[in-house]
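Peer 1: Using only what follows, build the 3D model:
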Amino acid sequence: MMRTSIRTLAILTGILLAAAGLVAGNDVNIGVHGGLSIPDIRGSQADIYSRNFTSREGPFYGLFLEKKVTPLFSLVAEVNFTSQGGLRKGMQPITMDLPPGLPVPPGTILYASFRNETILDYIEVPVMARFTFGHQLRFFLNAGPYVGVLVRAKAVTKGSSLIYLDEAGTMPVIDTPVPFDAVTNVKDSLKSTNIGLAGGGGVRYPLGPGDLILEAHFQLGLTTIQRDIETSGKSQTGAVVVSLGYSLPLARKN
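Peer 2: Prediction:
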């Protein structure tokens, strides 16, 4: 799966570099950035499958191309690897396979108390408008849409618990705890693309031939990520990202 994500990132990076060659000129910069993604899964509190997720941490890195249109306005295209998802602890519905022979009818919703980290890795391509102001130390704001391609999705569960018929944990099904230590591939249960909005801001400072860039931005997924909302819930994913990057002009100004 990691080979797939690297191959996808390499292909999209090649496309971005090809585009850089086509638009190369005095007003085009190319750069790299990387940092920390702090994602979360958003869902309704009425949805037993999606509620009570909190943030986790994951990597963020990528390549960007900036085309200046005016001294204050530019367009930015990026190709990024970003890790999203969320973390849920405590009592929650069981969505993974359980040992056969439980004394309940098929399809019964069962609960247990365990740790569940859902890891969703995307290759994202945002295209944003950027407004820059200042002189030596320049500040900027940017916003625009993005498309994400899911390259890996897994649920990492840990702990052991009794199994219950109710979320309050008052009606145990069995009297022996069941281990939940597992890594489960959940990619087939999720949609392959995620459309959303990105925006934020940062500061850039001249350093050597280019600019050092510190940025913070959000990614707000608008797509319901589950294929089957009846059995998996209905939620969206997004993240807050803090990154450090470096930008170089493709051609020196005359």
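
Peer 1: Against Leu248, how distant is Gln233?
Peer 2: Small correction: residue 233 is Gly, not Gln. For Gly233, the distance to Leu248 (Cβ to Cβ, to the nearest Å) stands at 44 Å. Every C-beta, even on glycine, is put in place using the N, C-alpha and C of the backbone.

Peer 1: So between these two, which is more surrounded?
Peer 2: Using other Cβ atoms under 10 Å as the criterion, Gly233 and Leu248 rank with Gly233 on top: 20 against 13.

Peer 1: Now the residue nearest to the more buried one when sequence neighbours are not counted. Its backbone dihedrals?
Peer 2: Beyond its immediate neighbours in the sequence, the residue positioned closest to Gly233 (Cβ to Cβ, 6 or more residues apart in numbering) is Tyr49, lying 2.7 Å away. Main-chain torsions, Tyr49, degrees, to the nearest 10: phi -90, psi -20.

Peer 1: Over to the one 4 residues further on?
Peer 2: Listed backbone geometry of Phe53 is phi -80, psi 140, with angles given as degrees, to the nearest 10.

Peer 1: Please look at it and Asp47 and confirm they touch.
Peer 2: No: using Cβ atoms under 8 Å, Phe53 makes no contact with Asp47, being 10.6 Å away.

Peer 1: Mutual contacts of these two, please.
Peer 2: When contacts are counted by Cβ atoms under 8 Å, 6 or more residues apart in numbering, Phe53 and Asp47 have Ser235 as shared neighbours.

Peer 1: Report how many residues lie close to the nearest residue to Ser55 once chain neighbours are set aside.
Peer 2: Nearest residue to Ser55, sequence neighbours excluded (Cβ to Cβ, 6+ apart): Asp40, at 4.7 Å. As a burial measure, Asp40 scores 19 neighbours (other Cβ under 10 Å).

Peer 1: How about the one 4 residues further on?
Peer 2: Counted with other Cβ under 10 Å, residues neighbouring Ser44 total 12.

Peer 1: now do Phe180
Peer 2: Once other Cβ under 10 Å is used to define contacts, Phe180 is seen to have 18 neighbours.

Peer 1: Tell me which residues touch it, please.
Peer 2: Contacts for Phe180 (Cβ under 8 Å, 6+ apart) come out as 96, 112, 114-115, 157-161.

Peer 1: Buried among those residues? Need that as a selection in PyMOL.
Peer 2: For selection in PyMOL, the members of those meeting the burial criterion (16 or more other Cβ atoms under 10 Å) are listed in this command:
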select buried, resi 112+114+157+159+161
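
Peer 1: which one of Phe53 and Asp47 has more residues nearby?
Peer 2: Taking other Cβ under 10 Å, Phe53 and Asp47 do not tie; Phe53 has more neighbours (23 against 13).

Peer 1: List the residues that contact the residue nearest to that one when sequence neighbours are not counted.
Peer 2: Using Cβ to Cβ, 6+ apart and skipping the chain neighbours, the partner closest in space to Phe53 is Gly86 (3.5 Å). Taking Cβ under 8 Å, 6+ apart as the definition of contact, the neighbours of Gly86 are 39-41, 53-56, 117-118, 237.

Peer 1: Quick check: beta-bridge partners of Gly86?
Peer 2: Gly86 has the following beta-bridge partners by DSSP bridges: Thr118.
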